[in-house]
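> Provided below are the primary sequence and the corresponding predicted coordinates.
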Protein chains: 2
Amino acid sequence: MNLFQRPKFISDQDMQRIHEASLYLLENKGIVFKSPKALALLKEHGARVDGEIAYLPQALVEDCLAKVPSSFRVEAVNPDRSVTVGGDLIIHPAGGEVFIKDVEDNRRGEVTLQEFADLQKIYQACDNVNMCGYQPLSPEDVPKKTRGLWCLYESMLYTDKPWLAPMDYSSGADKSRELDMYEIVFGKEFVNSHHVTWSIVCPESPMVYSRFSCESIMEFAGRNQPITLVSAPMSGITAPIHILGIIVQANTETLAGLCLAQCVRPGIPVLPSASLTYGNLKLATWECSSPDTALMLAGAVQMYKEFYHLPARAQTGVTSSKCVDYQAGYETMQSLLLTALMDVDVTSQSAGSLENLLTISFEKTVIDNEVIGRVRRIIQGIDTRKDAFSVDIIMETGHGKDFLMHDSTLDHLRDGWQAEISDWNRYDQWRNSPYPDIEKRANAQVRDILGNARQLLEPSVAKALEKYIAHAEGDNRNGK
Amino acid sequence: MNLFQRPKFISDQDMQRIHEASLYLLENKGIVFKSPKALALLKEHGARVDGEIAYLPQALVEDCLAKVPSSFRVEAVNPDRSVTVGGDLIIHPAGGEVFIKDVEDNRRGEVTLQEFADLQKIYQACDNVNMCGYQPLSPEDVPKKTRGLWCLYESMLYTDKPWLAPMDYSSGADKSRELDMYEIVFGKEFVNSHHVTWSIVCPESPMVYSRFSCESIMEFAGRNQPITLVSAPMSGITAPIHILGIIVQANTETLAGLCLAQCVRPGIPVLPSASLTYGNLKLATWECSSPDTALMLAGAVQMYKEFYHLPARAQTGVTSSKCVDYQAGYETMQSLLLTALMDVDVTSQSAGSLENLLTISFEKTVIDNEVIGRVRRIIQGIDTRKDAFSVDIIMETGHGKDFLMHDSTLDHLRDGWQAEISDWNRYDQWRNSPYPDIEKRANAQVRDILGNARQLLEPSVAKALEKYIAHAEGDNRNGK
């Protein structure tokens, strides 16, 4: 990020007011934590607990905030692929989609594990996607209880970027099993002393952490893995209708989860996510690509980054469109560019997602790899080395002449950003090209990637993982 | 614009350096003005003239800069439609395109005056397009020498927003005739004392003002009409390959034209345009939608707005794509959102343009009306009134409950931005809608607009204009 100044949607005074509003709500309205263990832990650290509600005093909140690091590293099995959250922009896979749209515009559910694995191979091939794993699709040809394990297994087989843990768990025990799989690959010692994944934790808006969310925080933080807090309220539905109001609520819910994580393990990294959405009141659902949503994301990212000096994630680069069309293009760029300019550290959903996070397109994933590259280029900013001012070059070139053969042009011929899948040809070249349709062009790339992908994980480690999952399935059958 | 802070791509120190580089070039390399009258005028104001080159000293440049207003008003025949440049974002028509792409993806030239008029009717109907006229298409069924007059005539017939003068002139005399037509509509007195249009003047990069450009500045500034300076160099082709270098050159060329305009009429508004492009060296043409182009635009707008406190125009919201597809979407949003965040005052080409400014799509024009609306919503920012913090609303709503029936939700139900042409429906609703394809949906709107458009200009004034053009054609035939 070489911007000299980021855009700012909220004044310093109003950021302070949002913080104070959150402190007031945490102390006076309190947060429901549906876990006796979490409540006990918070009480131990100074919270007042009444029934399921914990009232968090200002001192506790500020003490916890002070402990959260502003950056952290997530290790990949290939050390060259490890990422630093709080450094350059990190893009991670989509998550939660249930349909696949193919290049012929057919859309269907009943996704297979093979398709999940294929998508991981595509992430591995996309140079602008920095993490793999997670759960962009939910395969239905594996047992529901071990689906998360199978997803993680396939990610581990075909990718060597940091693996985000899938979201699919039916109990805290499953969360623990996922971490066991990381230990099989990295070794127990390494996992205890490094971050190799993170847990996505979603409070239930307004102001509730389910038992499951509490367990996720306690399990992952307890085992030294960071917590991503995804407060995802919808304005007018699960949050106030005002943009500032939904930001206050998301900020409050995020601070609550952050406190629990710090009580579990002081200093554990916490990554707040801007995942707020404009509530579409006609359909009682979210509208990820409304400009109002973009403003909510920008405001929340500003709070996390600029007020709290925390890293920030955002759910951005998304579209309501059902196909890879003009609308999908402007909506995807709209929030992705805006949040990138806000200096967001991590984005989710920015590659391949359609239909308000319901559908995955392999082709859009490949095209979005370039869209992300465009945004990266923009936030990289302008080269301001002294010779870039080019006064000598202009002096040396005659009035009305060209710069084509100037040494500086020849020397820097390849500096410019180049399109990888966008069409930059002349009309006739484009018309006569094998695939004038960008989605068909992307499909050719998809086929190429899938044809060339190979297993990256050592076979012996893969075997150990298979054995572990088989064992877990046995335990499940025996009701353990 | 309610942003508290704009993004900034160039440091204060480097802005100063760009300014100094321009001063150095103006004084030491000089600018070619291919008009003895312009050279004489500049000499009279302190420039050193040698052959066709005027060397502009720092004192002259800074004196001229000090005279340019930071905002100005352009009057429409309907006073409610008049615009203030330097106030809210103003969108003006495309300009220079030669092909039309229809909804069936046929593309052809040989555009008719009827089609030009139809496009004006669409601009009139698009609430986010603030000006009409200009020359988004060049009809070929009217005499070349009076084409500009016929274009202006059709714009005057069907629209009541401010009319930009067409670019199509074969001589300075034609420029004068255009202004005569404004006088027929507004009255001579009014035109002398108000701004009713502006002239687009394009220097020939590097560092040349053609005779025609000089005459345009002298004719329009002389008759109290503002000058828009469109320095449009291509990096590595007609400017240095470095982004900072092309900004230095565009800035220099712009300052030169600004000086001439101020020498003609001190205080005449000058609107610098960021129209720089990344030079596609493979095709020796511009690449309007490269992220490098977006950076050039952002940097130039920052110079004009922040360093010189001038209003700024940018050529933005553009695409290299040949059709209204995913690429067109992300490219259109990419530069439009970025320059809007830079607080640009006026944009050109942001509605309906395809194929690097070669082709017009009526359907894209209608969709871009919404795209512009999205960008307007984002730069409008977040409502920060005290009750927008919503603390009471959150206090009043139970943990895990919803806000659907809260008074604040019902009161502000209609505050949220709503899609006009983007699809926000559920999958089945969309699939079963009359036009799932956004371009076909837009085409239905186009047909509706054209079916309902009517002449807005008083018939007697229209008659007077027709008579004037007939007279001009007679003069042309007689070689006057």
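Sure, I can see it. Numbers count the residues shown, from 1 in each chain, chains lettered A, B, ... in the order given.

> what ranges of chain A fall below the confidence cut-off?
Applying pLDDT under 70 to chain A flags residues A:1, A:169-173, A:480.

> can you give the contact residues for stretch A:78-89?
Contact partners of stretch A:78-89, identified using Cβ atoms under 8 Å, 6 or more residues apart in numbering or on different chains, comprise A:1, A:69-76, A:90, A:130-131, A:160-162, A:226, A:269, A:271, A:311, A:340, A:344-347, A:375-376, A:379, A:456. C-beta: built from backbone N, CA, C; applies to glycine.

> who in the stretch 1-150 of chain A is up against chain B?
Neighbours of chain B within the stretch 1-150 of chain A, by Cβ under 8 Å from any Cβ of the partner chain: A:3-11, A:14, A:17-18, A:21, A:24-25, A:28-29, A:31-32, A:53, A:107.

> sorry, wrong one. I was asking about the stretch 151-300 of chain A.
The stretch 151-300 of chain A comes close to chain B at residues A:204, A:206-208, A:235-249, A:252, A:278, A:280-281, A:283-284, A:287, A:289-292, A:294-295, A:298-299, as judged by Cβ under 8 Å from any Cβ.

> burial check on A:Thr339, number of neighbours?
27 (other Cβ atoms under 10 Å in any protein chain shown).

> next: the one 3 residues further on.
Counted with other Cβ under 10 Å, the burial measure for A:Met342 works out to 27 neighbours.

> ok, now A:Gln13?
Quick note: A:Gln13 (other Cβ under 10 Å) scores 9 neighbours.

> phi, psi of the residue positioned nearest the centre of chain A?
Central residue of chain A (Cα atoms, centre = their mean): A:Ser348, 2.5 Å from the mean position. Backbone torsions of A:Ser348, given as degrees, to the nearest 10, read phi -110, psi 160.

> quick revisit: which of the contacts of stretch A:78-89 fall in helices?
A:340, A:375-376, A:379 (DSSP state H).

> identify the farthest-apart pair in the residues you listed.
Largest separation among those by Cβ to Cβ: A:Ala340 and A:Arg376, giving 7.7 Å.

> and the residue of the stretch 201-350 of chain A closest to chain B?
The nearest approach of the stretch 201-350 of chain A to chain B comes at A:Gly329, 1.8 Å away (Cβ to the nearest Cβ).

> before we move on, back to that, neighbour count winner among A:Ala340 and A:Arg376?
Higher neighbour count among A:Ala340 and A:Arg376: A:Ala340, with 24 against 17, using other Cβ under 10 Å.

> tell me the contacts of the more buried one?
A:89, A:347, A:375-376, A:378-379 are the contacts of A:Ala340 under Cβ under 8 Å, 6+ apart.

> what's the answer for A:Arg377, then?
A:Arg377 is in contact with A:417, B:291-292, B:295, counting by Cβ under 8 Å, 6+ apart.

> so which strand or helix has the nearest residue to A:Ala284 once chain neighbours are set aside?
Nearest-residue entry for A:Ala284: A:Ile237, 6.2 Å, with adjacent residues in sequence omitted and distances by Cβ to Cβ, 6 or more residues apart in numbering or on different chains. Assigned by DSSP states H and E, A:Ile237 falls within no helix or strand.

> top helix in chain A by residue count?
Under DSSP H, chain A gives helix A:243-264 as its longest helix.

> A:Phe190 - how many residues pack around it?
13.

> hang on, it packs against A:Val196?
Yes: taking contacts as Cβ atoms under 8 Å, A:Phe190 lies within contact range of A:Val196: 7.5 Å.

> who touches both of those two?
Common neighbours of A:Phe190 and A:Val196 (Cβ under 8 Å, 6+ apart) are A:Glu75.

> follow-up on the earlier one: sort out which one of the contacts of A:Arg377 lies nearest A:Lys37 for me.
Nearest to A:Lys37, judged by Cβ to Cβ, of those is B:Pro291 at 49.2 Å.

> quick check: closest non-adjacent residue to that closest one.
Using Cβ to Cβ, 6+ apart, the closest residue to B:Pro291 is A:Arg377 (3.9 Å).

> can you check A:Met296 too?
A:Leu276 (4.1 Å).

> residue contacts, A:Ser290?
A:Ser290 sits next to A:277-278, A:280, B:416-417, B:419 when contact means Cβ under 8 Å, 6+ apart.

> swap the cut-off to 10 Å and go again
A:235, A:277-280, A:296, A:320, A:331, A:334-335, B:374, B:377, B:416-419, B:422, B:424 (Cβ atoms under 10 Å, 6 or more residues apart in numbering or on different chains).

> what do you get for A:Thr238?
A:204-208, A:231-232, A:246, A:249, A:276-277, A:279, A:286, B:397, B:400-404.

> look up how far A:Val346 lies from it.
23 Å (Cβ to Cβ, to the nearest Å).

> picking that back up, what's the farthest-apart pair in the contacts of A:Ala340?
The widest separation within the contacts of A:Ala340 (Cβ to Cβ) is 14.3 Å, between A:Thr347 and A:Ile378.

> neighbour-wise, which of the two wins?
Ranked by neighbour count (other Cβ under 10 Å), A:Thr347 and A:Ile378 place A:Thr347 first, with 28 against 24.

> ok, the nearest residue in space to the more buried one that is not next to it in sequence - how many residues close by?
Spatially, and ignoring its direct neighbours in sequence, A:Thr347 is nearest to A:Thr316 (4.9 Å; Cβ to Cβ, 6+ apart). A total of 31 residues lie near A:Thr316 under the criterion other Cβ under 10 Å.

> A:Thr316 contacts A:Asp345, correct?
No: if you go by Cβ atoms under 10 Å, A:Thr316 and A:Asp345 don't touch, sitting 11.8 Å apart.

> who touches both of these two?
A:301, A:339.

> contacting residues around A:Lys43?
A:49, A:54, A:263.

> let me know the secondary structure of it.
helix (DSSP: H, G, I helix; E, B strand; the rest coil).

> what does A:Thr228 give?
Classification of A:Thr228 using three-state DSSP returns strand.

> wouldn't it be in contact with A:Ser348 here?
Yes: contact criterion Cβ under 10 Å: A:Thr228 and A:Ser348 qualify, at 8.7 Å.

> and for those two, which residues touch both?
A:92, A:164, A:200, A:273, A:275, A:313.
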